[in-house]
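Chemist: Build the 3D model from these lines:
(one chain, ligands or ions: 1)
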Amino acid sequence: MSINIRRLASEALEEWEEGFVYAETLVDSASRHYKVSREDRNLLNALLLGCIRNKRLLDFWISQLRDGKIDMQVRCHLRVGLFQLYLMGLPDHAAVNETVNSARKGIRGLINALLRKAIRERDTLKSLADSQPIAIRLSHPDWLVDRWTQQYGEAATTQLLEWNQQPSLTTFRLNPLKPHGRSIVELSNKVKPLADHPDFFTTNGLPPREWIDEGLIYIQDPATTHSVELMQPRNGESILDACAAPGGKSTQIAALMQNAGSLLCTDSNAKRLPRLQRNLERLGINIATTEEWDWTCPPPEKWHQQFDAILLDVPCSNTGVMRKRVDARWRMTPENITEITHIQQAILKHALACLKPGGRLIYSTCSIEAEENTKLIHTFLEDHPELTLAEEQQIHPATHHTDGAYAALLTRQSR
Ligand SMILES: C[S@@+](CC[C@H](N)C(=O)[O-])C[C@H]1O[C@@H](n2cnc3c(N)ncnc32)[C@H](O)[C@@H]1O
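Modeler: Residues are numbered from 1 along each chain as shown. Alright, predicted model coming up:
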């Protein structure tokens, strides 16, 4: 029996609304559970992520189609239907029939009536949306739009919102420790090299499973490489990657060390360590050890002044990667940003104790908030005259056309 992907998308959206599970996890678990084909997985991904990305706009249209309360199950079917009709450009009959059939019998009549009304009123509703404030038209929470408008001005904020609304292509990098992967990847007609980023490629949907399993590639955005480039890891060094899971940057660091030296990868979340371990093994890294550690606590004596270089890829608000992490804009609050800066400061303070004199400390986030980035680093430097800010980079998605990211290189005076 074939699976109705619209039904999976509506069910996943309803589960997502409960607020505990990431959209990508829902796509993965439904695809695995129902053993869906690659094409169907891509469709489910496009529907679920598209509905979450455009949630506010879709709900605006729903409010125009029907006065009064709509229960969450009906709303989720309507979002999936409207997304196909107004934003995905699927043929009307397919979008309506499949969406109506995906619903349970008791609510099919209502969904059918509202989606047919949406077809009749398409031009009016679309132009009504065009006259709405950007927070509705480009589906972001008001507080975030206000915050960015204050930081970056209206034009840059609109650009950023527009960037966040585009579905992202998957990007991956070659693993230099398995150099034979290059010719395999370059021979494929399903991938394209990424301009300005040697060793990075894009693909629509997921790259072939065997490339991932054999450790030929790692799915990653080019913006993530700046912090590792600032570190310039060297063969034979002793390096700490303090917030390491799932291991994207650890595997890059180990490759630049040419698998010689020692790399300690820690993370406070024990549940993320097995995946980190698998990624290190898959990519052929044999200089790394993993350990659970929460860097908001003072580190054990055995690590004091032990590392030539330390990467702190700290937990952050994710405001630079909202195009990919469609959940983030709806789940983050302004209070969360302030709370997370306290964690970032604590991690920075405790990790510094583990840096050798003359060592390099790299602080990085995938945030575009000055509060988590340059302001935090400059405040930290005021209390630490032994540190020098050698370089900092803030990458903005809409101008650099990659994920947003921040990285600062701090060097510690030799004794
Ligand atoms: C941005 S992710 C790291 C991504 C990773 N560097 C990579 O490239 O794949 C942040 C990580 O920090 C971990 N983390 C959060 N709070 C932490 C803490 N107090 N101490 C250590 N790790 C922490 C999270 O579990 C998460 O895995």
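Chemist: okay, CA-based contacts and neighbour counts for the rest of this
Modeler: Will do.
Chemist: pLDDT of the helix or strand harbouring I362, averaged?
Modeler: Following DSSP states H and E, one finds I362 within strand 355-365. The average pLDDT for strand 355-365 rounds to 98.
Chemist: Give the partner strands of it in its sheet and their orientations.
Modeler: strand 307-313 (parallel), strand 405-412 (antiparallel) (DSSP bridges).
Chemist: show me the contacts for the closest residue to the ligand within the stretch 301-415 of the chain.
Modeler: In the stretch 301-415 of the chain, the residue that lies nearest the ligand is P315 (4.2 Å; C-alpha to the nearest ligand atom). Contact analysis of P315 by C-alpha atoms under 8 Å, 6 or more residues apart in numbering lists 243, 340, 344, 365.
Chemist: Show the backbone phi and psi for it.
Modeler: The phi/psi pair for P315 (degrees, to the nearest 10) reads phi -60, psi 140.
Chemist: Going by neighbour count, list what's buried in the helix or strand bottoming out on mean pLDDT in the chain.
Modeler: One helix or strand of the chain scores below all others by mean pLDDT, DSSP states H and E: helix 397-400, with a mean of 88. The neighbour-count check on helix 397-400 (16 or more other C-alpha atoms under 10 Å) flags 397-398 as buried.
Chemist: which strands and helices sit next to it?
Modeler: helix 154-164 (3 or more C-alpha pairs under 8 Å, 6 or more residues apart in numbering; DSSP states H and E).
Chemist: try it again with 6 Å
Modeler: The helices and strands touching helix 397-400, judged by 3 or more C-alpha pairs under 6 Å, 6 or more residues apart in numbering; DSSP states H and E, number zero.
Chemist: Identify the residues contacting that helix?
Modeler: Residues from elsewhere that reach helix 397-400, judged by C-alpha atoms under 6 Å, 6 or more residues apart in numbering: 160, 163, 403-404.
Chemist: picking that back up, in the contacts of P315, find the pair that's most separated.
Modeler: C243 and I340 (14.1 Å; C-alpha to C-alpha).
Chemist: Between these two, which is the more surrounded one?
Modeler: Neighbours were counted for C243 and for I340 using other C-alpha atoms under 10 Å; C243 has more, 24 against 17.
Chemist: Around the ligand, pick out the residues from the chain.
Modeler: 242-249, 267-269, 293-296, 313-315 (C-alpha under 6 Å from any ligand atom).
Chemist: please redo it, this time with the cut-off set to 5 Å
Modeler: Within the chain, the residues that sit near the ligand (C-alpha under 5 Å from any ligand atom) are 243-249, 267-269, 294-296, 313-315.
Chemist: and those residues, which are buried?
Modeler: Here, 16+ other C-alpha under 10 Å leaves 243-249, 267-268, 294-296, 313-315 buried among the residues of the chain next to the ligand.
Chemist: Please list the members of those residues that lie in strands.
Modeler: The strands, defined by DSSP state E, take in 267, 313 from those.
Chemist: what's near enough to touch the residue in the stretch 1-150 of the chain that the ligand sits nearest to?
Modeler: In the stretch 1-150 of the chain, no residue comes nearer to the ligand than Y22, which is 14.4 Å away by C-alpha to the nearest ligand atom. Y22 makes contact with no residue, according to C-alpha under 6 Å, 6+ apart.
Chemist: just to revisit the earlier point, show me the two of the buried ones among the residues of the chain next to the ligand that sit farthest apart.
Modeler: It's G248 and T296 that sit farthest apart of these, by C-alpha to C-alpha, at 22.0 Å.
Chemist: Okay, angle between the longest helix belonging to the chain and strand 405-412 too, please.
Modeler: Ranked by residue count and defined by DSSP state H, the top helix of the chain is helix 334-352. Angle of helix 334-352 versus strand 405-412, following axes from the mean of the first three to the mean of the last three C-alpha atoms, to 10 degrees, is 30 degrees.
Chemist: Would you mark the buried spots in helix 334-352?
Modeler: 337, 340-341, 343-345, 347-352.
Chemist: what about that helix, distance to the chain center?
Modeler: 20 Å (C-alpha atoms, centre = their mean, to the nearest Å).
Chemist: now the end-to-end length of stretch 306-321.
Modeler: 33 Å (C-alpha to C-alpha, to the nearest Å).
Chemist: what helix or strand is the most centrally placed residue in the chain on?
Modeler: Centroid check for the chain by C-alpha atoms, centre = their mean gives R325 as the closest residue, at 4.1 Å. R325 belongs to no helix or strand when assigned by DSSP H and E.
Chemist: Please report the distance of it from I70.
Modeler: For R325, the distance to I70 equals 27 Å [C-alpha to C-alpha].
Chemist: How many neighbouring residues does L389 have?
Modeler: Neighbourhood size, L389 [other C-alpha under 10 Å]: 15.
Chemist: mind listing what the residue nearest to it when sequence neighbours are not counted touches?
Modeler: Using C-alpha to C-alpha, 6 or more residues apart in numbering and skipping the chain neighbours, the partner closest in space to L389 is L410 (4.6 Å). Neighbour list for L410: 360-361, 388-390 [criterion: C-alpha under 6 Å, 6+ apart].
Chemist: now swap in A405 and tell me
Modeler: Residues in contact with A405 (C-alpha under 6 Å, 6+ apart) are 365-367, 394-395.
Chemist: Include neighbour count when you put those into CSV, please.
Modeler: Shown next, in CSV, are those (neighbours: other C-alpha atoms under 10 Å):
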residue, neighbour count
T365, 26
C366, 27
S367, 25
Q394, 22
I395, 20
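Chemist: nearest to K35, of those residues?
Modeler: For the contacts of A405, the nearest to K35 is C366 (33.0 Å; C-alpha to C-alpha).
Chemist: how close does the closest one get to G320?
Modeler: Distance of C366 to G320, computed by C-alpha to C-alpha: 5 Å.
Chemist: Mutual contacts of those two, please.
Modeler: G404.
Chemist: per-domain residue ranges of this structure.
Modeler: Residue ranges for the domains of the chain, per automatic domain parsing: 5-132, 220-412.
Chemist: Most tightly packed of these?
Modeler: Comparing the domains of the chain by mean neighbour count (mean count of other C-alpha atoms under 10 Å), domain 220-412 ranks first with a mean of 19.
Chemist: got the contact list for the strand holding I362?
Modeler: By C-alpha under 6 Å, 6+ apart, the list of residues contacting strand 355-365 from outside reads 305-314, 405-415.
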